[in-house]
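**Student:** Output the structure for:
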Amino acid sequence: MDISESLERILRREAIVADLFYVVFLDRFPEVRRFFENVDLKRQAVLLSMALKVIEQHYLGGYLAADLYLKYLGTKHHQIGIPAALYPMFRDALLITLERFHGADWDELLAQQWKAAIDFATETMLEGYEQPYHV
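**Tutor:** Sure thing, here's the model as predicted:
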């Protein structure tokens, strides 16, 4: 299985993946909970699914739209006060979630692809975080 096949499987069961992600993220990193007070987690689930699509597209194709969206997302995170120091926690929680979701189909190659994709997306977001990007 590669990252594209993984994403297809995730999108067929995106609600389960999103629910699992937020359980893992908020449980493993309690310091992030304050950023989710009064946040609609159903809406966040949709945003997570969209982010996974953008992460995969950015990783595989370097699409300009994905690049611009990620920079804009970094700017938005900066504006609402989400510290960039939380990005590695997000990555780690997402990788744990994806491993649990895929079970026996998760292997080292898939883990490497998702980690590289998330790290590449994070680097792009940080560009928008450090130098505000406006659409």
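**Student:** which other helices and strands contact the helix or strand hosting residue 42?
**Tutor:** In this structure, residue 42 sits in helix 41-61 according to DSSP states H and E. Packing contacts for helix 41-61, counted by 3 or more CB pairs under 8 Å, 6 or more residues apart in numbering; DSSP states H and E, involve helix 3-12, helix 14-28, helix 64-79, helix 108-130. (Each C-beta comes from the backbone N, C-alpha and C, glycine too.)
**Student:** hmm, try it at 6 Å
**Tutor:** Secondary-structure packing of helix 41-61 (3 or more CB pairs under 6 Å, 6 or more residues apart in numbering; DSSP states H and E): helix 14-28, helix 64-79, helix 108-130.
**Student:** buried residues in the helix or strand containing residue 92?
**Tutor:** Here residue 92 is covered by helix 87-102, with elements defined by DSSP H and E. Using 16 or more other CB atoms under 10 Å as the test for burial, helix 87-102 gives 87, 90-95, 97-98, 101-102.
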